[in-house]
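Participant: Show me how the following folds:
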Amino acid sequence: MSSITIDASCHYAQNHEWIRIEGDVAVVGISDYAQDQLGDIVYVELPQVGDQLAQGDSFGVVESVKAASDCYLPVSGKIIAVNDQLESEPELVNSDPFGEGWFVRLQTSDPAQLESLMDAPAYATFCEQDN
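Facilitator: Okay, the predicted model is just below:
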């Protein structure tokens, strides 16, 4: 677990998605732990801009050499951008999960839902227990 990065500026869901608030926009991706468990990412399927989704809704699929895995939205909101770069470079999820490997940007409809997510120390403990 020592080689796993956990970004302290993010909140985390139990399905290993992260969310970071940047001004009035939320950015979502999968954690370093999740990409490490999946292995080499070969395909990412993302939602459409304009999709309105509820907390816990599936918003995409990540496929790796090991498995395919649904991604679930940590909070409710409207998709305002998707990372089109992942279409041609899905490996960005492996190399930079908190930066270039982001999945979607959304306008949150209920910011209070962030309180139901884990902070970085709680997520670190969660990942250790998951191993």
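Participant: mind checking how far residue 123 is from residue 129?
Facilitator: Using C-beta to C-beta, to the nearest Å, one obtains 11 Å as the distance from residue 123 to residue 129. C-beta coordinates here come from the backbone N, C-alpha and C atoms, glycine included.
Participant: what about those two, which has more around it?
Facilitator: A count of neighbours by other C-beta atoms under 10 Å puts residue 123 above the other of residue 123 and residue 129, at 23 against 7.
Participant: So what does the most centrally placed residue in the chain look like in phi/psi?
Facilitator: The centre of the chain sits closest to residue 29, judged by C-alpha atoms, centre = their mean, with a distance of 2.3 Å. Dihedral pair for residue 29: phi -160, psi -170, per degrees, to the nearest 10.
Participant: if I read this right, it contacts residue 103, doesn't it?
Facilitator: Yes. Using C-beta atoms under 8 Å, residue 29 and residue 103 qualify as a contacting pair, with a distance of 4.8 Å.
Participant: just checking, what packs against the biggest helix by length in the chain?
Facilitator: If you go by DSSP state H, the chain has its longest helix at helix 120-130. Using 3 or more C-beta pairs under 8 Å, 6 or more residues apart in numbering; DSSP states H and E as the contact criterion, the secondary-structure elements in contact with helix 120-130 are strand 11-12.
Participant: repeat that for 6 Å
Facilitator: Of the remaining helices and strands, none touches helix 120-130 by 3 or more C-beta pairs under 6 Å, 6 or more residues apart in numbering; DSSP states H and E.
Participant: Please point out which parts of it sit buried.
Facilitator: For helix 120-130, the buried set under the neighbour-count rule, 16 or more other C-beta atoms under 10 Å, comprises 123-124, 126-127.
Participant: now, among these, which is nearest to residue 110?
Facilitator: The shortest separation between residue 110 and any of these is 20.7 Å, and it belongs to residue 123 (by C-beta to C-beta).
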